[in-house]
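Engineer: I would like to see how this sequence folds:
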Amino acid sequence: MYKLALVKEACYQDLWTCDKSKGYKKLLESSFLRVGPVGLLEIFDGDFYILKTNKSNTAKKLRLSQLPHLKEKDYERIENTVPKFLNKSLKEIAINPESICWNNYDIVISINFAVPIKIRKKYKNIVWLCLTGEGKFPIGINYWDYLITQNCPSSPFLERALIDMPYTFISSNFLIKNFNKDIEKNGIYFEVNSFNTHWTREKVNIPTNFKDLGIPLRFHNGDMKSHIDQLIISKYFVKYQGRTLRGNSFIEAISSECICFLKYSDCYGKLNLPSFCYYSDIKELMEKINILENNNNKRLELILEQKNVLDRITQNVDLQFKQAIERKRKNKGRKITRLKEKFFKLFSYLYYCLLVRINIHGINKIEFLPPMYE
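Structural biologist: Have a look, this model is predicted:
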């Protein structure tokens, strides 16, 4: 079995702010925003580190490309935040990257450019993976082996420079096992972007169809603990209207044993749910909820089908990791000449310019960034 680590910078605006040793419940409740790839710790027994912020110009450039509205002063504010369960700021608890015994790891997954290039150059046997915070990645990089796409893997196929793994990477039983309330599930929990809103501080006009079901209707209020609690007690997780999603919230719902409902075009992250989960209009959605309200065996069967989706994702991620390690060891000692390196860099700039000027079938130009070389 390989050994992996997940690292983030002290200034990163998301994820956990305490140590894995405090238990998964506190770990997730300490998150700024999302559940995230906790399966890397739970399934693969990985380690998690918060590193001192990478102050290089390229690291700053990548952060800006992910969230253009956040400036350096915003990242400094995040660094100085005192998280839950601790009495020190993230800047104070963050460790120096040089202090980690990197030789202990086969794979290191870095959120943005958390690991400085001098370390990646030094430890050549490690498979270095970059998981960009918002799923936008540069087409040209150096001293990273793979970029993580944040899409769900449909197969174990490993591309040359990309690994498919969703940002919310968890096992099919993780949330229900760790947060179970031992009460009977009921009602609908609406996906946070439903009704074209984002948190329930905004006024929500709920169609009478939902009210007529006679079951509780719940909404995300922006708090991580409350979010997980509402997933655990709800029967259904419904995406109704709102923007298109990559699919992370549905993964959380599956792990909480909610039945997911969404329209065909609601999810672009290659998450393939059972056909019963998709609806064409509100009438079909109501019919499907009523079917499950009157047929609990059908609901339980669907829960298992959904969990099988997450189990396949886990298997495919695991196989991609194993291939990446094998490929790295097989290529050990091979050097790219300076001429080839210069050619690849030049080609990446030309390729990006081509992307932004013409339409290329199958390429989502919104997700591609200009090359970033450190």
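Engineer: so where's the stretch 101-250 of the chain uncertain?
Structural biologist: Scanning the stretch 101-250 of the chain for pLDDT under 70 picks out the ranges 198-202.
Engineer: Please enumerate the helices of it.
Structural biologist: Taking DSSP state H, counting those that start in this stretch to define them, one finds helices in the stretch 101-250 of the chain at 117-122, 174-179, 208-211, 224-233, 248-255.
Engineer: buried sites along the last one?
Structural biologist: Burial within helix 248-255, assessed by neighbour count using 16 or more other CB atoms under 10 Å, is assigned to 248-255. Just so you know, the C-beta spots here come from the backbone N, C-alpha and C atoms, and that holds for glycine as well.
Engineer: for those residues, which one is nearest K181?
Structural biologist: Of all those, S255 has the smallest distance to K181: 14.6 Å, by CB to CB.
Engineer: Could you pull up the residues touching the closest one?
Structural biologist: 170-176, 310 (CB atoms under 8 Å, 6 or more residues apart in numbering).
Engineer: which of these tops the neighbour count?
Structural biologist: Neighbours here are counted as other CB atoms under 10 Å. On that basis the top member of the contacts of S255 is I170, with 29 neighbours.
Engineer: Redo the contacts of S255 as TSV? Include distance to V38.
Structural biologist: Formatted as TSV, the entries for the contacts of S255 read as follows, by distance: CB to CB, whole Å:
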residue	distance to V38
I170	6
S171	9
S172	13
N173	12
F174	7
L175	9
I176	14
L310	13
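Engineer: Widest-spaced pair of those residues?
Structural biologist: I176 and L310 (11.7 Å).
Engineer: The longest helix anywhere in the chain packs against which elements?
Structural biologist: Using DSSP state H to define each element, the chain has its longest helix at helix 296-330. Helices and strands touching helix 296-330, by 3 or more CB pairs under 8 Å, 6 or more residues apart in numbering; DSSP states H and E, are strand 107-111, strand 127-131, strand 162-166, helix 248-255, strand 259-261, helix 282-293.
Engineer: quick check: mean pLDDT across that helix?
Structural biologist: Taken as a whole, helix 296-330 has an average pLDDT of 97.
Engineer: quick check, distance from that helix to the centre of its chain.
Structural biologist: Its chain's C-alpha centre and that of helix 296-330 lie 15 Å apart, by CA atoms, centre = their mean, to the nearest Å.
Engineer: report the angle between the axes of it and strand 162-166?
Structural biologist: 150 degrees (axes from the mean of the first three to the mean of the last three CA atoms, to 10 degrees).
Engineer: quick one: buried residues of helix 296-330?
Structural biologist: When neighbours are counted by 16+ other CB under 10 Å, the buried residues of helix 296-330 are found to be 299, 302-303, 305-307, 309-310, 312-314, 316-318, 320-322, 324-325, 328.
Engineer: After it, which helix or strand is next?
Structural biologist: The element immediately downstream of helix 296-330 (helix or strand, assigned by DSSP states H and E) is helix 338-357.
Engineer: mind exporting that following helix as CSV, just the C-alpha atoms?
Structural biologist: In CSV, the C-alpha atoms belonging to helix 338-357 read as follows (Å, rounded to 0.1, in the frame of the first residue of the first chain):
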residue,chain,number,x,y,z
ARG,A,338,16.8,21.8,-21.7
LEU,A,339,15.9,22.1,-25.4
LYS,A,340,12.9,19.8,-25.0
GLU,A,341,11.9,21.7,-21.8
LYS,A,342,12.0,25.1,-23.7
PHE,A,343,10.0,23.6,-26.6
PHE,A,344,7.3,22.3,-24.2
LYS,A,345,7.1,25.7,-22.5
LEU,A,346,6.8,27.5,-25.9
PHE,A,347,4.2,25.1,-27.1
SER,A,348,2.1,25.5,-24.0
TYR,A,349,1.8,29.3,-24.6
LEU,A,350,1.0,28.8,-28.2
TYR,A,351,-1.6,26.2,-27.4
TYR,A,352,-3.3,28.4,-24.8
CYS,A,353,-3.4,31.3,-27.4
LEU,A,354,-5.0,28.8,-29.8
LEU,A,355,-7.6,27.9,-27.2
VAL,A,356,-8.7,31.4,-26.5
ARG,A,357,-9.0,32.3,-30.2
